[in-house]
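**Student:** When you get a sec, could you give me coordinates for this:
(chains A and B)
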Amino acid sequence: MSTLDDAAIRARLTDIFRDTFDDDSIEIHEAMTAADVDEWDSLNHINLILAVERGFGVRFKTSEIGNLANVGEFLALLKGKLAAAG
Amino acid sequence: MSPTDPSHLDYRALLRASKQLDVSTCTTERRIAILSDAAVPQLVPLLRTLFAARGVRAEIHLAEYDTLELEVFDAASALYAFAPDAVVLLHAPQALRLRYWREAADREHFAERTVDGLVALWDTLRARTPALILQSNFPPPYERQFGNFDHLLPHTLLAQSLRLNVLLADAARERSGVLIDDVCGLATRIGLQRWFDERLWTLAKSFCALEHLPLVARNVVDLVQAAQGAIVKCVVTDLDGTLWSGVVGDDGVAGLEMDAFGHAEPHHRLQHYLRELRRRGIVLAVCSKNDHATALDAFRSHPDMVLAEADVAVFVANWGPKPDNLRHIRDTLNIGFDSIVFLDDNAFERALVRDTLPGVIVPELPEDPAEWVRFLSELNLFEATSFSEEDRRRADAYRANAQREEARTSFSDITEYLRSLDMRITMHRFDALSLPRAAQLIQRTNQFSLTARRPSLAECEAMARPGSGFVTFAISLVDRFGDNGLVSIIILRDTGDALDVVNWRMSCRVLARGVEAFAMNRVVETARALGRESITGTFEPTAKNALVRDFFAGFGFEQTGTTADGGTTWRLRVASYEPRTTCIADADPTTTST
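**Tutor:** Got it, this is the predicted structure:
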């Protein structure tokens, strides 16, 4: 996973968002929150986390998942994991 | 592959399928209420999708997280307003664990206290709704206080959890309409390490790892459907490569392998698995591409065969297409395609049957026979919600009927067929043993009945007494396929110079076998022994007895008149009667004719 650059990470994350929320028009951005996506409820939040873990081969700690404020923080967390893994 | 294929349930695929669910073809609706001390919102789409795959539109009421007691004990709750067909009580082991930790006193009775609490829920539910109650049991904890020694200390969470499942089953057994939803079985099959997702419990109070939640949903569907009578009745199995290793036509009987210790052990195991199913009432049938005699020879003479010829209700071995043979088996047993499971190691045959007969359940057996029994068990095809002595005997009854049916078609000459049945009749006066069954037969028979009146048990008792002025006969039939039980009754009134037929009834199960001819011979003999000149009788037409309109004429009776309600009266001179030839023997040659 270490070879993924920012754009590739963002593209793959976008695919996962679209698949999880069943909406091909979703464009992710740093300030995006659950309030911006119709289907982003607590149930789909868990589905999203699990899909991201599977898609990138990473694993988040419980505390990390609970404290995400927006997609920007999620991306930062994900990049940190990938860098540590690489 | 369909996401609802029970052998490949995929959480994400099922969720996707739930978004485009088409329930327009579903003919039935079931209302399912889910109550849990875990959060299980994901169960709703999973249940809808899996029910739809079984042709059922599911309406789901999901109670708010951990409102289980509230919903049950409040008579005005949304649960009762929902009017469920089934109430699913899902209790999470993590919630149980927390309660255990908090209750430091009297831990030896923690399981009892827990069961008391659950039983209170069931009994309250039962008092307020006729719904089926599904109670989950508990996977054992992986935590240990003393290590292995936990098992020997009654107060540990491990010991109490194990005990809890036993007590739950005991309590459910004593109640009607309460079934155990074996979540423990699911969790231990998957493995506790993979079943539990402690991170998801922390974050979302998830019942288990989400990828295994489809199993929880499928268990509910299986139980609800079985309770509604959607059950498998028959397993049709191939022979070569399935029941044994080898091809009997090529290798000969001696070349077949199916012993318990060699590499063919999986086939041996499959035979045991099928025989156990047969013992609990699942009918077995064989459908094989073989010469009939060759295939049967393997059953009869191979020393390692577990299944016997007598375990198989319908034995079809020929070179015709398997879908045709399955149709024949279905017709012979008179069951639906959707209650048949078809086992075949050959992927071509499986695909052919699946495509031709969509109702038939065709498990996609793994390549390696060693995996078959495990694979079949995990499909949970044979769910039942009750078990009786009758179920135990059902496979025998189906087999006997199928054999008679087959024997009939294999004989071109009916007499030859009847002779092959080896029928024996017992025919004597009503006695204490036969009276209740005679009265029952009188109530049940409609078609083969000469008169309309149905005498009661008390009347039958009175007529059976010596000196009553009546002659009674209870007729039982045994053949080489089994005991048919009481099949006919005759009541004759002795007028002094004639025996008058006041009641003659026969079960239609034994139509066209010569039972009535055997009986008429005996009736005439009896009249002769009593010194009566004739037999008289009346045919009273009813809505259903056209079958016997010509009964008297058939035995050479002469019509003597008609009755006001369209009936006919008949008379036979004893002296002119020619005894009829039958293929039935007297099982009790010592019987006197009176």
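
**Student:** Can you tell me the SS state at the residue nearest to B:Gly482 when sequence neighbours are not counted?
**Tutor:** Closest residue to B:Gly482 apart from its sequence neighbours, by CB to CB, 6 or more residues apart in numbering or on different chains: B:Ala400 at 4.2 Å. All C-beta atoms are positioned from the backbone trio N, CA, C, and that covers glycine. Secondary structure state of B:Ala400, per DSSP: H, G, I helix; E, B strand; the rest coil, is helix.

**Student:** quick one: low-confidence ranges for chain B?
**Tutor:** B:1, B:389-390, B:412, B:509, B:589-594 (pLDDT under 70).

**Student:** Break it into its domains for me.
**Tutor:** What automatic domain parsing lists as the domains of chain B is B:11-227, B:234-394, B:421-586.

**Student:** Nearest to A:Ala84, out of those?
**Tutor:** A:Ala84 lies closest, by CB to CB, to one member of those: domain B:11-227, at 18.3 Å.

**Student:** Now the helix or strand containing B:Thr415: buried residues?
**Tutor:** Secondary structure from DSSP states H and E places B:Thr415 in helix B:414-420. Within helix B:414-420, the residues scored as buried using 16 or more other CB atoms under 10 Å in any protein chain shown are B:Tyr417, B:Leu418.

**Student:** what does stretch B:256-266 give?
**Tutor:** B:Leu256, B:Glu257, B:Met258, B:Asp259, B:Ala264, B:Glu265, B:Pro266.

**Student:** Tabulate the CA atom coordinates of it in CSV.
**Tutor:** Taking C-alpha atoms only, stretch B:256-266 is exported to CSV below (Å, rounded to 0.1, in the frame of the first residue of the first chain):
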residue,chain,number,x,y,z
LEU,B,256,-16.9,-50.2,-4.9
GLU,B,257,-15.4,-48.5,-1.9
MET,B,258,-17.4,-47.1,1.0
ASP,B,259,-15.8,-48.4,4.2
ALA,B,260,-15.3,-46.5,7.4
PHE,B,261,-11.5,-46.5,7.4
GLY,B,262,-10.1,-46.1,3.8
HIS,B,263,-10.1,-43.1,1.5
ALA,B,264,-13.8,-43.7,0.8
GLU,B,265,-14.8,-42.8,4.4
PRO,B,266,-16.6,-39.6,3.3
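
**Student:** ok, residues contacting it?
**Tutor:** Contacts to stretch B:256-266, defined as CB atoms under 8 Å, 6 or more residues apart in numbering or on different chains, come from residues B:243-246, B:248, B:267-268, B:271, B:298, B:302, B:304-306, B:368-373.

**Student:** Give the buried subset of the residues you listed as a PyMOL selection command.
**Tutor:** PyMOL command restricting the contacts of stretch B:256-266 to the buried ones, with burial defined by 16+ other CB under 10 Å:
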select buried, chain B and resi 243+244+245+246+248+267+268+271+298+302+304+305+306+369+372
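
**Student:** returning to that earlier point: in terms of secondary structure, what does the helix holding B:Thr415 contact?
**Tutor:** With contacts defined as 3 or more CB pairs under 8 Å, 6 or more residues apart in numbering or on different chains; DSSP states H and E, the packing partners of helix B:414-420 are helix B:389-410.

**Student:** Residues touching the helix it packs on, excluding its own?
**Tutor:** B:234, B:278-284, B:310-314, B:332-333, B:384, B:417, B:420-421, B:479, B:481-482.

**Student:** Weed out the non-buried ones from these.
**Tutor:** Members of those classed as buried by 16+ other CB under 10 Å are B:234, B:278, B:281-284, B:311-314, B:332-333, B:417, B:421, B:479, B:481.

**Student:** Just give me the closest of the buried residues of stretch B:256-266 to A:Asp22.
**Tutor:** In terms of CB to CB, no member of those lies closer to A:Asp22 than B:Pro266, at 43.1 Å.

**Student:** Show me which residues of the stretch 1-150 of chain B sit near chain A.
**Tutor:** Residues of the stretch 1-150 of chain B lying close to chain A by CB under 8 Å from any CB of the partner chain are B:Arg12, B:Leu15, B:Arg16, B:Lys19, B:Pro41, B:Gln42.

**Student:** what sits against the residue lying closest to B:Ser377 once chain neighbours are set aside?
**Tutor:** Nearest non-adjacent residue to B:Ser377, counting by CB to CB, 6+ apart: B:Tyr273, 8.0 Å away. By CB under 8 Å, 6+ apart, B:Tyr273 lies in contact with B:Val373, B:Leu376, B:Ser377.

**Student:** right, and the helix or strand after the lowest-mean-pLDDT helix or strand in chain A?
**Tutor:** Using mean pLDDT, DSSP states H and E, the weakest-scoring helix or strand in chain A turns out to be helix A:62-66, at a mean of 83. Toward the C-terminus, helix A:62-66 is succeeded by helix A:71-85 as the next helix or strand (DSSP H and E).
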